[in-house]
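Trainee: Please find the sequence and the predicted model below.
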Amino acid sequence: MDYTNNPDVKLPLALIINMPELKENPFRNRIVESFSEDGLGNISFNDFVDMFSVLSETAPRELKAIYAFKIYDFNTDNFICKEDLEKTLNKLTREELTPEEVNLVCEKAIEEADMDGDNKLCFTDFENMISRAPDFLSTFHIRI
Amino acid sequence: LFHIGVDYRNLEEEGPEVDIGSKVKEEKPKKGQARRSKAKEKKKVLREQCEEECRQDEEAPKCSKNHRNEKAKTEERGDFKRKTKDSCDEERNHISSERGGTEERAHAEKNMKAKKTKRKKEKLVFSCLSSSSESEELSADEEESQEEKDVLTQEELEKLKEAVEEKKKLIANLRGKPWPMSKKLVTLRESQEFVEKYEGALGKGKGRKLYAYKVMMMKKWMKFQRDFENFRTACIPWEMKIKEIESHFGSSVASYFIFLRWMYGMNMILFGLTFGLVMVPEALMGRPYGSMPRKTVPRSEQAGAMDFAVLWDFGGYAQYSVLFYGYYNNQRAIGWLKFRMPLSYFLVGVGTVAYSYMVVIRTMARNANRDGGGDDTSFNFSWKMFTSWDYLIGNPETADNKFASITTSFKESIVEEQESHKDENIHLTRFLRVLANFLVLCCLAGSGYLIYFVVRRSQKFALEGLENYGWWERNEVNMVMSLLGMFCPMLFDVISSLENYHPRIALQWQLGRIFALFLGNLYTFIIALMDEINLKRREEEVVKYNMTVWQASLYNGTVDDNSTTSTIPVDPADVPRGPCWETMVGQEFVRLIVSDTMTTYITLLIGDFLRAVFVRFFNYCWCWDLEYGFPSYSEFDVSGNVLGLIFNQGMIWMGAFYAPCLPALNVLRLHVSMYLQCWAVMCCNVPQERVFKASGSNNFYMAMLLVILFLSTLPAIYTIVSIPPSFDCGPFSGKKRMYDVIQETLENDFPLWFGKVFSYASNPGLVLPFILVMILAIYYLQSTSKTYKAANMDLKKKLQTVSLPITI
């Protein structure tokens, strides 16, 4: 691989998500996809640096909120709708909750954070909710 | 591309270029505004079309680079014009194809050479931000209006400065923008080149050379700062260790180690102060061992002065050395440097406390800024969903635990939600809680009395002479305090299960109780010390009398009263010594710290390591499953360890004035602790089963540290201010009060007017109004901060109730 003359090397998704820092993360696929240019997870070195810079300790809160929104938006429609929430919850609990419980939790979450009443979270709703969260900065952090 | 990214990008792109273009446009009405505006429109259209072409042709990087990074050299201009011609041919009909490359180059050269002023600026500004067709148009324009004078008017200078400042701000804020990295790099390069080109031009006229020099120094300074930051980050110790612990145990356990590392840093500075300014000067420049009575081991103790048992107890040679207060001489200036030893001792003591206050409060302020808002419970489920996963986890076992705990936490919240309207048996809960608090109070009272009793007993032992008793009696106080510190928290833990609180609240209660326990112990210890100090001071009177008697017996029969005192050589070891309560206090603290450390390490080895070994190897031949039932592997007790650390630091602060060796000892202790505990955690502990975030706990620990700092400097300050120093040892011997050394220095070392100013300033008539003004200032600041908080709350409420239009 000649990096000097051909610097646009892109690594495939499968290689990145096996990194020790990302291996155990349930959202690893989404993380790599949201930092890649083509949306499929093939990232170049610039994107790689970008990813770890946003996830580092000193990145500003607003920047982290923007990328967190992208990560949790599974269908990339710029809204976190109920299906996105359900997928997030199932990844978090490894599908150990019953469907009724999943439904209840997602409805409660939308009820809490949605402010414009369209039954899904847009970026402003998400940012408003996440900026109050006390643990956001300390959990949304990967040390490399 | 994501919509968000695209929008931001477009927004930013349109912004600056429009501004500059319009600015420059205003300046040159002569240039034919109609033509200019038409040209501008055309330029925009051309540029967009050109960029599309470029993107399609996949020469996007090169094309945009060429569009933006035009060099001043003519050959390259010619080159890139040709290239862009190739790629964006059909748009550039009426200009490029007719001219041909060489003509362009000639024109460009002439322009370059003849006009280094606003003509060039204009051309380059436009070419930086737009396509090449525009610049070609410009050169056409410029040819026609060459007769214009090249003077940079003041307004243009200002506008250019503004543009440069804007670009600089963009560079500084680039890190926080959510653009993809390639875009950031391109923008950065473009802005940097712009700034580079025009900073030189800005310095026209008078201070041009100076301006350019200043700019160069600024750049060098920034580069140096960045390199220094990188170096500093690379120097941070134990980063890999902490990362490993983080990935295994999560961020709460790692926060203890980060706190330990921070303490280590602070103690290093304290060590530097005491070692460099107190111990080293006395060791190098003071009178050596054996030259004075206070620096020599008394004859009666010399037999056992080198024994290990005596040295471990910090008696013998360890006592009569720079490690303790008693060794220091009260000579005003020592050595060829005329180093003011007593003054330095006093100021270092005050300086350590002042530095600690500053550092703790600064860290608290920084943490408070970062955390921001208060505790909300209005986003329970959302927060659980989006912030419960700890991205630092990299270990499969920990990840399993985390999944399990997240599931449990969701189930609990669901149950709570469903039963939120049901009334619990509130009376039973309240009764149980009152009972629990009563039990805890009994515990605390019991432990306080036990320590008091033990201290009284040790005083009795001391009066009868310590040689008659064994090891336990001699170290009774320290042992009892350490054992209490070990067992009472466990007792509190058991009692708190009665209370049935939410784990976070239960943790805060637990921390509060352990805090009260340690505080009680510490203050009982101090009261006991005060008793001993008073004892020693009464002894002083007796010794003083004895000394006069002894001196008289020396001169007896040789001289009469009127002659000068003859120097009879007396070995310093034989001179009767006055008691030294300061050294005694220092020794007590050092012994306490040593025994505390030993207890911690032994508890660690037995409670964690041996237990883990036992569970691991005896599991095969035991009736029940040792790993899941009792005793199982231990969990890392974050709060207990943090409290232990904080209290140890409190003891260091208390004793550092009387034993300059304490910070050094503490640095050693923290260093060993770091390695030992890192090893123990990785080897013998398992991640916590029940995971909850002790939110805002960072500032909670800092607040406790601040309280301990205040409480531990109080006794030291009291002893300095109210008790006269011993007459026979230490740097303040012979003075009425320890702070008299300041007075002495002011009189002797500073000019006369300084002393006068100081005496005026310390006049109560001046000090009281000053204190009043400070109180008023504090009141004012507090009331303004309250109004800001109230306004904040109002805005928050407004945000929640009014529906917002989507603003993307």
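Mentor: Here it is on my side, so go on. Here the structure is a predicted model, which is why all the values come from computation and not from measurement.

Trainee: for the host helix or strand of residue B:717, packing partners?
Mentor: For residue B:717, the element it lies in under DSSP states H and E is helix B:697-722. Applying 3 or more Cβ pairs under 8 Å, 6 or more residues apart in numbering or on different chains; DSSP states H and E, we find helix B:697-722 packed against helix B:251-274, helix B:341-371, helix B:503-555, helix B:638-655. (Glycine included, C-beta is placed from N, CA and C.)

Trainee: and it, which residues are buried?
Mentor: Buried residues in helix B:697-722, counted by 16 or more other Cβ atoms under 10 Å in any protein chain shown: B:697-702, B:704-706, B:708-709, B:711-713, B:715-716, B:719-720.

Trainee: One more: stretch A:36-44?
Mentor: A:36, A:37, A:41, A:42, A:43, A:44.

Trainee: How about stretch A:118-136?
Mentor: A:120-130, A:132-136.

Trainee: so which pair among these is furthest apart in space?
Mentor: Using Cβ to Cβ, the buried residues of stretch A:118-136 span at most 24.9 Å, a distance reached by A:120 and A:134.

Trainee: about what we covered before: and residue B:296, which of the helices and strands packed on helix B:697-722 is closest to it?
Mentor: It's helix B:503-555; of those, that one is closest to residue B:296 (Cβ to Cβ) at 15.7 Å.

Trainee: quick check: angle from that closest one to helix B:697-722?
Mentor: Here helix B:503-555 points in a direction 20 degrees away from that of helix B:697-722 (axes from the mean of the first three to the mean of the last three Cα atoms, to 10 degrees).

Trainee: other SSEs contacting helix B:503-555?
Mentor: helix B:426-464, helix B:476-496, helix B:581-603, helix B:638-655, helix B:697-722.

Trainee: Contacts for stretch B:747-762, please.
Mentor: B:332, B:340, B:746, B:766, B:767 (Cβ atoms under 8 Å, 6 or more residues apart in numbering or on different chains).

Trainee: so for that stretch, what's the average pLDDT?
Mentor: The average pLDDT for stretch B:747-762 rounds to 81.

Trainee: How about stretch B:614-626?
Mentor: Average pLDDT, stretch B:614-626: 79.

Trainee: follow-up on the earlier one: and among the helices and strands packed on helix B:697-722, the most buried is which?
Mentor: Neighbour counts (mean count of other Cβ atoms under 10 Å in any protein chain shown) averaged over each of the helices and strands packed on helix B:697-722 peak at helix B:638-655, with a mean of 21.

Trainee: For the helix or strand following that helix, the averaged confidence score.
Mentor: Sequence-wise, the next helix or strand downstream of helix B:638-655 (DSSP H and E) is helix B:662-684. Mean pLDDT, helix B:662-684: 92.

Trainee: Does anything pack onto helix B:662-684? Which helices or strands?
Mentor: Other elements packing on helix B:662-684 under the criterion 3+ Cβ pairs under 8 Å, 6+ apart are helix B:239-249, helix B:251-274, helix B:581-603, helix B:611-618, helix B:638-655.

Trainee: out of those, nearest to residue B:318?
Mentor: Using Cβ to Cβ, these put helix B:581-603 closest to residue B:318, at 9.0 Å.

Trainee: tell me the angle of the helix holding residue B:717 relative to helix B:581-603?
Mentor: Using the same axes, to 10 degrees: helix B:697-722 against helix B:581-603 is 150 degrees.

Trainee: just for the stretch 351-500 of chain B, where's the confidence low?
Mentor: Low-confidence segments of the stretch 351-500 of chain B (pLDDT under 70): B:369-377, B:419-424, B:465-468.

Trainee: Apply 90 and report the result again.
Mentor: In the predicted model of the stretch 351-500 of chain B, residues B:363-437, B:439-440, B:443-500 satisfy pLDDT under 90.

Trainee: Good, wrapping up.
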